[in-house]
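1. Any chance you could fold what I've pasted below:
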Amino acid sequence: MEFKDYYKILGVERNATEDDIKRAYRKLARKFHPDVNKEDGAEAKFKEIGEANDVLSDPEKRAAYDQLGKDYKSGQDFRPPPDWDAGFEFSGRSGAGDFSDFFESIFGGARAERHHGRTHTTFRARGEDHHAKILIDLQDALEGATRTITLRVPELDEGGHVLVRDKSLTVQIPKGVTEGQSIRLKGQGSPGMGGGPAGDLYLEIRFKPDQRYRVVGKDLYLDLPVAPWEAALGASVKMPTPGGAIMLKVPPGSAHGRELRVRGRGIPATPPGDLYAVLKIVWPPATNEKARQIYEEMAKELAFDPRASLEV
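-> Alright, predicted model coming up:
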C-alpha cells in the first residue's frame with residue numbers, strides 16, 4: 001500500500017493554515033466535481049481531494065497524520081506501526097467520497113457512516129462568497145434607502161462552461177453606512193454543492209461625488225464662503241447641514257481654510273461623525289468706484305504684506 005501525501009494532493013505546504021487548506025479544497029473540489037467535470041479520472045480525483053481535506057481540516061486527524069507521515073514520502077510503501085494512534089481520538093462524519101485503503105488503514109471507519117457493511121457518504125460544500133462594489137448617493141447613507149441593483153454574475157452550465165447573466169437584487173441600505181463598509185446579502189453567492197448552503201454576497205459601499213459635501217470616513221466637509229469682514233471681525237453665519245440650516249459662529253481673526261467643527265452633524269453612524277465648515281474668504285469685486293475707493297483706502301491704512309513670509 002502506498003503512502004498518500006495529503007498536502008501534495010491539495011497543493012499546500014505542510015505548515016498551511018486552516019484557511020489555506022479550506023481555500024485549496026474548495027478550489028479543487030469545484031474543478032473536479034462530477035457535476036462539473038466529465039473527464040475520465042475526475043471523480044477519482046474528486047474523492048482523493050475530499051479524503052485529503054477530511055484529514056487536514058480536522059486538527060486531531062492532521063496531528064496524527066503529521067506524526068505518522070513525517071518519515072514517509074508520497075508513493076512509498078506504507079504500513080502503520082502498531083499502536084501508532086495512542087492518544088488520538090477520531091470521530092464525526094465524513095464530508096468526502098469513499099475512503100481509500102490508506103485512509104482505512106490509519107483511521108479505520110472513524111469518519112464514515114456504515115450501513116449494511118458499506119460506506120455511504122455525501123459531498124456537501126458551502127458555496128463561495130461573492131464580492132462587488134455598489135455606488136450610492138450620500139443621501140442614502142444619511143437617511144437609509146432601498147435600491148435595486150443589477151450585477152453581472154458568472155455561472156457554470158452543465159458542461160462546465162462559464163456563462164454570465166444579469167441578476168437584479170433589492171438592497172436595503174442602512175442609515176449611517178460609511179464608505180468601505182460591506183452589506184451582506186445572505187445566500188446570494190455561489191450555490192452550494194450536494195445540498196450545501198449557498199455562499200453570501202458582500203456589497204462594498206462607495207459614495208458618488210456629492211455637489212455639496214466631501215466625505216472622509218464618517219465626517220463631512222463643506223466649503224463655507226465668508227466675507228473678509230466676517231472672517232476678520234467675527235460673525236454668525238447661516239450654513240447648511242444634512243439635518244437643516246444652522247447658525248455658525250465664525251471667530252474673529254479666522255483665516256482662509258480654517259476648519260470649524262460642528263459635532264454630530266456628519267454621517268449618522270454609531271457614534272455619529274462630525275461636519276467641518278472649511279472657511280473660504282471671498283472678496284467682493286472692485287467693479288464700481290465705491291469699491292475701488294474702499295480698497296485703495298485699505299491699501300493706504302493697513303500695513304499688510306501678504307508675502308512677508310517669503311522674504312523676497
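2. Which pLDDT value goes with residue 31?
-> Predicted confidence (pLDDT) for residue 31: 88.
3. er, residue 49 I mean
-> At residue 49, pLDDT is 91.
4. ditto for the one 3 residues further on
-> In the predicted model, residue 52 carries a pLDDT score of 89.
5. Quick one: residues contacting it.
-> Applying CB atoms under 8 Å, 6 or more residues apart in numbering to residue 52 gives the contacts 4, 6-7, 9-10, 25. No exception for glycine: its C-beta is placed from N, CA and C like everyone else's.
6. what about it, is that helix, strand or coil?
-> Recorded secondary structure, residue 52: helix (DSSP: H, G, I helix; E, B strand; the rest coil).
7. From residue 297, how far off is it?
-> For residue 52, the distance to residue 297 (CB to CB, to the nearest Å) stands at 88 Å.
8. Check residue 174 too.
-> From residue 174 to residue 297 the distance is 57 Å (CB to CB).
9. wait, residue 14 sits on residue 7?
-> Yes. The pair residue 14 / residue 7 is scored as a contact, 5.3 Å apart, by CB atoms under 8 Å.
10. neighbour count winner among these two?
-> residue 7 (22 against 13; other CB atoms under 10 Å).
11. So that one lies in a helix, does it not?
-> Yes. Note on residue 7: a helix contains this position according to three-state DSSP.
12. if I pick it, what's in contact with it?
-> Contact analysis of residue 7 by CB under 8 Å, 6+ apart lists 13-14, 16, 52, 56.
13. which SS class is the closest residue to residue 275 other than its chain neighbours?
-> Leaving aside its sequence neighbours, residue 275 sits nearest to residue 265 (CB to CB, 6 or more residues apart in numbering; 3.7 Å). Secondary structure assignment for residue 265 (three-state DSSP): coil.
14. try the one 5 residues further on
-> The three-state label for residue 270, taken from three-state DSSP, comes out as coil.
15. Over to stretch 234-247 now: how far is its first residue from its last?
-> 13 Å (CA to CA, to the nearest Å).
16. Quick one: residues in contact with it.
-> Taking CB under 8 Å, 6+ apart as the rule, stretch 234-247 contacts 142, 212-213, 220, 222, 224, 226-227, 229-230, 248-254, 262, 265-266, 275, 277.
17. one step back: residue 174 and residue 297: who's more crowded?
-> Using other CB under 10 Å as the criterion, residue 174 and residue 297 rank with residue 174 on top: 13 against 10.
18. Excluding sequence neighbours, find me the nearest residue to residue 183.
-> residue 203 (4.6 Å).
19. Let me see the domain layout of the protein.
-> 6-120, 130-207, 213-301 (automatic domain parsing).
20. Output the ones you listed as TSV; include the columns distance to residue 308.
-> Below are the domains of the chain laid out as TSV (distance: least, CB to CB, whole Å):
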stretch	distance to residue 308
domain 6-120	61
domain 130-207	41
domain 213-301	15
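21. pLDDT below threshold where in the chain?
-> For the chain, residues meeting the criterion pLDDT under 70 lie at 1, 69-99, 104-125, 154-162, 193-194.
22. need the strands for it, in chain order.
-> 113-115, 118-120, 130-136, 145-156, 162-173, 182-185, 201-207, 213-216, 219-226, 235-239, 246-250, 259-262, 275-281 (DSSP state E).
23. Columns mean neighbour count on top of those, output as CSV?
-> Putting those into CSV (neighbours: other CB atoms under 10 Å) gives the following:
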stretch, mean neighbour count
strand 113-115, 10
strand 118-120, 12
strand 130-136, 15
strand 145-156, 12
strand 162-173, 11
strand 182-185, 15
strand 201-207, 18
strand 213-216, 17
strand 219-226, 18
strand 235-239, 14
strand 246-250, 15
strand 259-262, 14
strand 275-281, 20
